[in-house]
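In: Sequence and computational prediction follow.
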Amino acid sequence: MESVVPQEITTELTQILSNLLLGDNDIRTNAETAVNERLAHTPELYLLALAQFAISADTEVMRSFSLVLLRRLLFRPAPTPAPSQPQPASSPSGVHLQQQQALYQSQNHPRLTLYDHLSSQTLTTLERLLLHSLQHESSNLVRRKTVDTVCDLAGEGMRRGRPWHALQALAFNMTQAGQPGASGTLSTQTVAAENLRESAYRVFAGCPNLVMDLQTDAVLGVFQRGLQDTQSIDVKQAALLASVAYLNAAEPGQLSQSLSLMHPVLETLHTLAQMLPTAGSLATAHPSRSAPVLSPSSDTGPSPYANLTNFLTNLTPLCTTHPSLFQPHLQALLSFFPSLILPSADPGPTPTVSRPFPTEGEGSTSDRQGAFVFPPPESPTVSKSPAVAASHNAPSPLDDDGARAQRDLDADERQTLRLAALEFMVSLSEARASMVKRVDGWVGIMVRACLEGMGEFEEGDGLDGGWADEDPSANSAGEAESAPAMYEQSLDRLACAVGGRAVLPPAFQYIPSMMASYDWRVRHAGLMAVAAIAEGTAKVMENELGKVVELVTPMFRDLHPRVRYAACQCVGQLCTDLEEIIQERYHQQLFAVLIPTLEDQEPRVHSHAAAALINFCEGVERNVLLPYLDPIVERLLKLLDPTGDPEHVRRYVQEQAITTLAMVADASETTFGKYYPSIMPLLMNVLRNAEAPDYRRLRAKAMECAGLIAIAVGPEMFLPDAHTLVDLLMRIQKSPNDPNDTQLGHYLIATWAKVCQAMGPEFEPYLPVVMPTLLATASAKADISVYDEEEDKVEERDGWETVNMDGQTLGIRTSAIEEKCQAFETLVIYCSTLGPRFAPWLAQTFEVTLPSLRFYFHDGVREACAMLVPMLLASGKNSGTLTNNMVTTTFLQLINGISTEHDASFLSSLYKCFNESLRVIGGPSSLSPEFQNGIMEATKRQLQTLADKRRARKARPTAELEEDREDMALLEEIEDFALEDMAKMLGVFDANHGLLVAVSSVRELGFNQYDSEEGEEEG
């Protein structure tokens, strides 16, 4: 293809790109600087050079890198003045482009990118180069990068009013490549026809707007042809992606005309399922990417399991966005999915006895057939060539290993497929529970599949696998990602989605017999199943809770420690999900099994029993707990075992014992005082001596426990030790910062707050110690990163969360925001506990609190600030340090916040904050007329906004209203709370205020369906 840039530019760019790929940081940094400089001065020339290099470079790596870099640079903010090449004023295309850019910039898109500075001529050339790459690139990997870049260019161009008709025409033409009888098909010697078809459908998937304005029947015909492609599975998969993207982007009217597309979409699943190997055989045929779909004879490419898994994974998002599309097909899906989600009828050797009988060569003289052998012995009647016979008579020692590896690979892929199919069904059930519940057997088969999967531990997951010796806190992530845990999560989600009436009957059809199974894994699964469904079925399970307790409590005496562990987990979860109910009714039965289990011989079991006690204590009445305090505390102190053999002391057990003691103290309150002399010295000793890195968590737990015990026993008992504990905390706070100890700051802030609550006004002298750090944490800015679209996995970074704001993907470091929230919650404690004694810190606290009412990244921060503001005003008023400036600034912020707030939940909090603040300063008469008018205008604005929202909901089509009824009911319930607090504020000004009528009118616009529905379930 003819060059569009001078040769010297291409040569220079080649060197820059090569340097960018080097590992040397200095060279790479210089290359990045060179790129930025070229883009700042001659952006068009170098962007065109990149596009040309993506065609002409010798290696796939360089062509791919050019495309990735081009895509990234085009839509990043333009560097300092990067004017485009002069465009003649008389050029209609140039004038049109300038108009579209101006319109785009005016529509809340103030950040122009390099793309927006390119001339129309440059854009046309760029598009031509990319279309050439799309059509002629020989490498599948590079062509996919081309597709990504083309889709971005097309999508962003259309957003700016620049259609790309040439791409649309080429993509449609490419879908017919190699098809017999097709007119205008492409002909290329470098790219296989099926690869062109795949790329075309990937373009439609990445930029569905290319086809949204075309005749629906024509588009559906193109997609159907791809879904029914008989030559390449990749084409079928790309067509599926395109179909899903099209259906997700379609307007309601267009969607109703596209329902016929669902049949070929779902037919692809059936076709691929027919290719799965039969039970007991291996998936040795992996269809080639270019082999005919219905003739899997090649051993290359993904297996049938992997292909079907990919298709299910790509189709699942449509379950969430448009569940109603699947409604006509539910019965057909129900006849198809059980074979995918249930275990194979012939899974082969069991994990526990993989070779039950010895084979020849292992000392066996019996004629009895041994364990499964692959390949199977050949029949004597089958003739063999000499080469085959020789190889058969002299087997390679690797044959058995190869067959076993193939079996393991097939088992893993089969398991992945089962989970993908189950995820499809769970997602559909979550999106439209009422729809799937009407299909008899849908929920039942899913429950059965989950129960089966929860018992499928891998070989070595029992005691022999080292489970008993593992630290559960160190291995929690691995266990959560295991297959049984994934099935458990699916069962939990299903129960929460469809409720107790649908889940409990099929679940308890199997669970009692599972508890009685000879296999520990099945008993374990039964207990974990009860724990998994408890949250979603609580309201219905409550009626049969006695039977559930009778079923679970005997399992604490099971011979297998993992079953006893599961029993602890089950009871702990029941105590959380049926809080107060199970503690009140069945405390005797539960204490009778939990307390003895604290002495279980397995550390992981007695540690988990202690953890279950925490859940129990969170919902127990003090008088219920008191009779059991002595045996509980006695056993927990034994678990601490400060004088035991260090080799037999498990640190995680000690940490759990300390945590449980803290919760028991919190629940028993002053009664815990009798144990104070035994426990507090132990905790002080830990804080004094646990300085090594291995003891970080133990020290943190000891801090937390000491604070909770201090609150429980009261100041009279705690004050003699208070100064010692404070000195230890100060020493820890002043110790050298350990970057690996990320939790120390959190626990220190929390413990200081508890010590303040325990000491009361006596804590005032220590404010200078704690306040500087606390205010610094509270005033910290959000740690935000702006991600490029190429960074597809940003959400996987630990400690970070992604949000979309103003068309950008932002990464927010959640740990810093959580610390900020904790800091404000602690300020609430200090101010409420110390009252007027907090006055010296009033001005600084106001400075960080008022701006944080608009900290939109974390609701907890805003809620804590809304609670804190009236407390600060009260502290200042009672200490005589409240200034007019503080009052004026506070009410200005509150009124502005109320005027512009979009979240109805926080709007309610703002009105509560305003009402309480008004009460503190002396009522409406203390508020200036300007502010009185301001709050009324803000209230009128909110009433209008709420009324508009409710009218808009009411105007939606009946079908949509029914689909989203529950979500809208919840929204309106939240809005009603805001209206209630709004009315209270108006009543303070005037009991007969004119706006009270408007409040009632807006309330009546709502559906109020949250209290009119089936008051039944749902548990």
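Out: Looks like it came in fine.
In: Pull out the buried residues from the helix or strand where residue 546 lies.
Out: Using DSSP states H and E, residue 546 maps to helix 545-552. Residues of helix 545-552 classed as buried: 545, 548-549, 551-552 (neighbour count, 16 or more other C-beta atoms under 10 Å). Yep, even glycine has a C-beta here, placed from its N, CA and C like the rest.
In: next one: stretch 131-146
Out: 131-137, 139, 142-146.
In: what's the next secondary structure element after the worst-scoring helix or strand of the chain on mean pLDDT?
Out: Taking mean pLDDT, DSSP states H and E as the measure, the chain has helix 386-393 as its least confident helix or strand, at a mean of 38. The helix or strand immediately downstream of helix 386-393 is helix 398-431, counting by DSSP H and E.
In: Mind listing what's buried along that next one?
Out: Under the neighbour-count criterion of 16+ other C-beta under 10 Å, helix 398-431 has 407, 410-411, 413-431 buried.
In: circling back: can I get the buried residues of stretch 131-146 in TSV including distance to residue 161?
Out: Below are the buried residues of stretch 131-146 laid out as TSV (distance: C-beta to C-beta, whole Å):
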residue	distance to residue 161
131	20
132	25
133	25
134	23
135	26
136	29
137	29
139	34
142	30
143	28
144	28
145	26
146	24
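In: any idea how far residue 641 lies from residue 246?
Out: From residue 641 across to residue 246, the span is 65 Å (C-beta to C-beta, to the nearest Å).
In: quick one, helices of the stretch 601-750 of the chain?
Out: Taking DSSP state H, counting those that start in this stretch, the helices of the stretch 601-750 of the chain run over residues 603-617, 622-625, 629-640, 651-668, 676-689, 696-713, 715-734, 744-759.
In: Could you dump those helices into JSON lines with distance to residue 482 and mean pLDDT added?
Out: Output for the helices of the stretch 601-750 of the chain, formatted as JSON lines (distance: least, C-beta to C-beta, whole Å; pLDDT from 0 to 100):
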{"stretch": "helix 603-617", "distance to residue 482": "16", "mean pLDDT": "93"}
{"stretch": "helix 622-625", "distance to residue 482": "35", "mean pLDDT": "89"}
{"stretch": "helix 629-640", "distance to residue 482": "27", "mean pLDDT": "91"}
{"stretch": "helix 651-668", "distance to residue 482": "20", "mean pLDDT": "91"}
{"stretch": "helix 676-689", "distance to residue 482": "34", "mean pLDDT": "91"}
{"stretch": "helix 696-713", "distance to residue 482": "24", "mean pLDDT": "92"}
{"stretch": "helix 715-734", "distance to residue 482": "37", "mean pLDDT": "92"}
{"stretch": "helix 744-759", "distance to residue 482": "29", "mean pLDDT": "93"}
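In: Turn those into JSON lines, columns for mean neighbour count and distance to residue 233.
Out: Formatted as JSON lines, the helices of the stretch 601-750 of the chain follow (neighbours: other C-beta atoms under 10 Å; distance: least, C-beta to C-beta, whole Å):
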{"stretch": "helix 603-617", "mean neighbour count": "24", "distance to residue 233": "46"}
{"stretch": "helix 622-625", "mean neighbour count": "15", "distance to residue 233": "62"}
{"stretch": "helix 629-640", "mean neighbour count": "18", "distance to residue 233": "57"}
{"stretch": "helix 651-668", "mean neighbour count": "23", "distance to residue 233": "48"}
{"stretch": "helix 676-689", "mean neighbour count": "17", "distance to residue 233": "60"}
{"stretch": "helix 696-713", "mean neighbour count": "24", "distance to residue 233": "49"}
{"stretch": "helix 715-734", "mean neighbour count": "16", "distance to residue 233": "60"}
{"stretch": "helix 744-759", "mean neighbour count": "21", "distance to residue 233": "50"}
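In: ok, back up a step: looking at the buried residues of stretch 131-146, spot the one nearest residue 604.
Out: Distance to residue 604, by C-beta to C-beta, is smallest for residue 144 among the buried residues of stretch 131-146, at 46.9 Å.
In: Looking at the helices of the stretch 601-750 of the chain, which is nearest to residue 17?
Out: Across the helices of the stretch 601-750 of the chain, closest to residue 17 is helix 744-759 (C-beta to C-beta), at 43.9 Å.
In: which regions of the stretch 901-1019 of the chain lie under the pLDDT threshold?
Out: 959-963, 1007-1019 (pLDDT under 70).
In: again, 80 this time
Out: Applying pLDDT under 80 to the stretch 901-1019 of the chain flags the ranges 955-967, 1006-1019.
In: Please enumerate the helices of it.
Out: According to DSSP H, counting those that start in this stretch, the stretch 901-1019 of the chain carries its helices in the segments 904-921, 929-954, 958-963, 965-989, 995-1004.
In: Pull out the buried residues from the first one.
Out: Buried residues in helix 904-921, defined by neighbour count with 16+ other C-beta under 10 Å: 904, 906-918, 920-921.
In: same check, this time on the last one
Out: Residues of helix 995-1004 classed as buried under the neighbour-count rule (16+ other C-beta under 10 Å) are 995, 998-999, 1002-1003.
In: can you give me how far that helix is from the chain middle?
Out: Put simply, helix 995-1004 sits 39 Å off its chain's centre (C-alpha atoms, centre = their mean, to the nearest Å).
In: what comes into contact with it?
Out: Helix 995-1004 has contacts (C-beta atoms under 8 Å, 6 or more residues apart in numbering) with 936, 939-940, 943, 946-947, 950, 976, 979, 982-983, 986-987.
In: between it and helix 965-989, how big is the angle?
Out: Here the directions of helix 995-1004 and helix 965-989 differ by 170 degrees (axes from the mean of the first three to the mean of the last three C-alpha atoms, to 10 degrees).
In: Who has more neighbours out of residue 641 and residue 246?
Out: Neighbours were counted for residue 641 and for residue 246 using other C-beta atoms under 10 Å; residue 246 has more, 25 against 15.
In: measure the residue nearest to that one when sequence neighbours are not counted to residue 151 for me?
Out: With C-beta to C-beta, 6 or more residues apart in numbering as the measure, residue 208 is the residue that lies nearest to residue 246, at 5.0 Å, once sequence neighbours are left out. Applying C-beta to C-beta, the value for residue 208 to residue 151 is 10 Å.
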